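Engineer: How does the following fold in three dimensions:
(chains A and B)
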There are 2 protein chains.
Amino acid sequence: MDMADDRLLDDLAAVVGDRHVIAPGHDQDSYLVDWRGRYRGKARAVVKPGSTQEVAGVVKLCAERGVAIVPQGGNTGMCGAATPDSGPRNLVIRLDRMRRIRNVSPLANSITVEAGCILAEIQAAAAATDRYFPLSLGAEGSCQIGGNISTNAGGTAVLRYGPTRELVLGLETVLPDGRVFNGLRALRKDNTGYDLKQLFIGAEGTLGIITAAVLKLFAPRRSSALALLKLQDVEQALQVMQRLRGTVGDRLGSLEIMSRSQIEVIAETVPDVAIPFALDTPWYLIIELTDALAGVNLQAPLEAVLAQAFEDGLVQDAIVASSEAQAKAIWAVRHSVSEGNKRSGYVVSHDSAVPLERQAAFATNVERRIMAAVPHARVVMHGHIGDGNIHIVAILDRARCEDTDETAALVREINEIVDDETAAQGGAISAEHGIGITNRGRLARVTDPLEIKLMKEIKTLLDPAGIMNPGKIFADG
Amino acid sequence: MDMADDRLLDDLAAVVGDRHVIAPGHDQDSYLVDWRGRYRGKARAVVKPGSTQEVAGVVKLCAERGVAIVPQGGNTGMCGAATPDSGPRNLVIRLDRMRRIRNVSPLANSITVEAGCILAEIQAAAAATDRYFPLSLGAEGSCQIGGNISTNAGGTAVLRYGPTRELVLGLETVLPDGRVFNGLRALRKDNTGYDLKQLFIGAEGTLGIITAAVLKLFAPRRSSALALLKLQDVEQALQVMQRLRGTVGDRLGSLEIMSRSQIEVIAETVPDVAIPFALDTPWYLIIELTDALAGVNLQAPLEAVLAQAFEDGLVQDAIVASSEAQAKAIWAVRHSVSEGNKRSGYVVSHDSAVPLERQAAFATNVERRIMAAVPHARVVMHGHIGDGNIHIVAILDRARCEDTDETAALVREINEIVDDETAAQGGAISAEHGIGITNRGRLARVTDPLEIKLMKEIKTLLDPAGIMNPGKIFADG
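Structural biologist: Here you go, the predicted structure:
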């Protein structure tokens, strides 16, 4: 290592403390690779600041020395946005030590958290004050809220509560020059000029590092009902949704679909998750209704709709959960999809959002075309059918993915099929996972050049030196 | 008029048609003054384009000729953002002819509208497909959705549905150089790069002209209950809100407060609005509960909470509406506040948002200080107490406001009291009305210079020639 590096490490240690600077060769590994093992990079150091001021100090140093910053949350992202490249001048900044819940206000329905708080911890803190924080996804036991906000995470509660953007009341962000944007107001309404926090939400760490946030809280869910439906096709799922809406209105909390092939993968690769139902139809739909009042009988209207749907041949079978334990067991299947797919082979994952009316055609067409183009691919599907976001995943045999060029060509071919169908159905190529590294080329290909230009101009405005997570969303240079 | 003007008018006519160019001296007047008569300006022409392409054509012309553009919706704004100044080179662009509802999708819960649609028309279109569009404010019979989005309008449904920003799925905007940003996707989730539409929402027409939008629809409200409460103070209102939340959770749709003095003004100046209750307490609170299901008895839990609150001395009296007509009559009082105040005198209106817990102290302190500083001021209060946004209005005797310098000094003094208390309570000076002309100085005074700098840089990025609604939000130059 050269002397400039030594000086950098010393100067970083002066800001965050010796113990919180991890040099190369000192257990950096888990921070240099994404959770799927798809991307691996290098870092001059991994640092763990303990406060906003320390983050700002580190960023200032990097700005002075031209060091590229890679902000990293729980490192659970799907597109490599938190992984450094193999360049010589990267610094990974972890927010793990900034885990305080600074304030909870049940009256104002708001909670102020530091960016390193784990999502499950925030959910628990809300519940402890008789409130509900709706963001929920498979990685919630390890993902951090800073990362959730930076990726505008979706999850299973979007249908009713919207994506993360709609849950954020205020943000504190360290800008690429080290200055601190302090927008931590907890007000429900604030029209004092341009809403600057909107820039950082969903920017995947390319415009600044989020250090704290004020989030919305909601009424607790005191009554619930859950059912697992067995269906022939996606169209049936949409019809059941329509009927439910007409009967239970906004009690509809989640609507999550899985193909039989998806659940088979979980059964094969995730032995500690039981599949509490027979796999004898093509599709499986989880419906969850919730109500803020206790003692509301949601089973009754749910069963009424299902009974009629069954009579009309819309539903092949249904299990209405009779206990919380049974509901949890069903949810566990849904939350295991990513882990299961990863264990099963080389995952080519997609995240398209298409208009609700087009989902059936989209799913059918994409599966058919992928199987025709890549016969050895295993196509599984799962997702948020109420939001128009079914994830289509092609799992390739790892043994057949040794040759990286060949694999890359296969991935490209599959991506083009998905992008083509997405465009044909009037959709977007990334509903919730973002762009990161994985989708850079696709973003450039499918997006109006005017929009790309505006995005790059905003990027250059806030980060003229290009040190903040370079190579993410847009290719370098 | 000089020849350059003639050429401009001819060229504008070539884009929008002769009939839709209004030259000076040809009934421009209503477009040159804000609805309170506070600001009056001049325009070389007022034009009414009939399509997005025509808007783009007009903007291109203005960009070439250095003509300042003032986009104008229904001209119902509170801060003069839609009124031209008295400069020699203004063009007012009205969106009245762009009134089409392009698409409604009950399945996807979305509606695509042109910017000139009147808010009440959109509400009706939603209701016609058994859906609900929640944005609702006093001016809904004449305000246009383009203006609502540009000002991120609040209204009486924010408590449950959020401000306008949270109701927008997609936007089509003509940029200051005449190019069209087409972000009209109806997808609930879209993480394909930076969310550019967020820039234009709440930008008060300074970054571009909104020409169309995709808006969210919600489950219809099939059951409702409304009560009018008589209270001693703001603190009691907050306690009633807490109790209600614990019992009816997210059925709480609106929570609107008025001071006795406010209702007295309406009684005096708006004779066609009856006050259907005696004015014998200091404060009046409208509570509205709604449910998406028919036949839900919301009166029962409401009456239970009120009965207990009455027993505990929290509530002096309450009227639970027994019919829709009675509910409408009570709402009519609330919706008449702005008109009533305007008729009553010279209105010095405020729009602070403070944390919920601080509202009682805020209202008390501000009223006391204004009355001490300006004894002849009549202080009235009304607002969205559930959002922390009570409007404090000082009405001055018009006869005493002849001298503009003296009046300006009085206004400044009152504003400083409000700003001071707003800051002391950790709030923002404009919850929903925006900045426009009225609050330019205040914005500059109370805002972190870093934020002002960022806002101005974004403005310069999108509008380097400074032609898009100059002098709004920021003073010129």
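
Engineer: Every contact and neighbour count from this point should use C-alpha atoms.
Structural biologist: Will do.

Engineer: and the gap between the residue positioned nearest the centre of chain A and chain B?
Structural biologist: Nearest to the mean C-alpha position of chain A, by C-alpha atoms, centre = their mean, lies A:A153 at 4.0 Å. A:A153 sits at a distance of 9 Å from chain B (criterion: C-alpha to the nearest C-alpha, to the nearest Å).

Engineer: what's the answer for A:A399, then?
Structural biologist: For A:A399 relative to chain B (C-alpha to the nearest C-alpha), the value is 32 Å.

Engineer: Point out where chain A drops to low pLDDT.
Structural biologist: A:1-3, A:477 (pLDDT under 70).

Engineer: Can you give me the domain boundaries for it?
Structural biologist: A:3-94, A:101-216, A:223-340 (the TED database).

Engineer: Out of the ones you listed, which is closest to B:G66?
Structural biologist: Proximity to B:G66 (C-alpha to C-alpha) singles out domain A:101-216 among the domains of chain A, at 24.3 Å.

Engineer: Run the chain-centre distance for the closest one.
Structural biologist: Mean-position distance between domain A:101-216 and its chain equals 14 Å (C-alpha atoms, centre = their mean, to the nearest Å).

Engineer: for stretch A:260-269, same thing?
Structural biologist: Per C-alpha atoms, centre = their mean, the centroid offset for stretch A:260-269 relative to its chain is 21 Å.

Engineer: That one: which residues count as buried?
Structural biologist: A:260-263, A:265-267, A:269 (16 or more other C-alpha atoms under 10 Å in any protein chain shown).

Engineer: will you turn these into CSV that also has secondary structure and distance to chain B?
Structural biologist: CSV is the format used below for those (DSSP: H, G, I helix; E, B strand; the rest coil; distance: C-alpha to the nearest C-alpha, whole Å):
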residue, secondary structure, distance to chain B
A:R260, helix, 25
A:S261, helix, 25
A:Q262, helix, 23
A:I263, helix, 25
A:V265, helix, 27
A:I266, helix, 26
A:A267, helix, 30
A:T269, helix, 30
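
Engineer: Now A:E413: which helix or strand?
Structural biologist: Using DSSP states H and E, A:E413 falls within helix A:404-424.

Engineer: before we move on, back to that, ok, now which ones touch the residue nearest to the centre of chain A?
Structural biologist: Neighbouring residues of A:A153 by C-alpha atoms under 8 Å, 6 or more residues apart in numbering or on different chains: A:163-164, A:202, A:432-433.

Engineer: Can you give the contact residues for the helix holding A:E413?
Structural biologist: Against helix A:404-424 from outside (C-alpha under 8 Å, 6+ apart): A:348, A:350, A:352-354, A:362, A:365-366, A:369-370, A:373-374, A:401, A:428-429, A:442, A:446.

Engineer: And the helices in the stretch 51-200 of chain A, which stretches?
Structural biologist: Ranges of helices in the stretch 51-200 of chain A, per DSSP state H, counting those that start in this stretch, are A:52-65, A:119-128, A:145-150, A:158-161, A:197-200.

Engineer: cool, the stretch 251-400 of chain A as well?
Structural biologist: Using DSSP H, counting those that start in this stretch, helices in the stretch 251-400 of chain A cover A:260-269, A:299-311, A:324-335, A:337-344, A:359-373.

Engineer: which one of the ones you listed lies closest to B:Q232?
Structural biologist: Within the helices of the stretch 251-400 of chain A, the stretch nearest B:Q232 is helix A:299-311; the backing value is 42.3 Å (C-alpha to C-alpha).

Engineer: any residues touching the closest one, and which ones?
Structural biologist: For helix A:299-311, the surrounding residues in contact (C-alpha under 8 Å, 6+ apart) are A:224-226, A:240, A:243-244, A:247-248, A:315-318, A:320.
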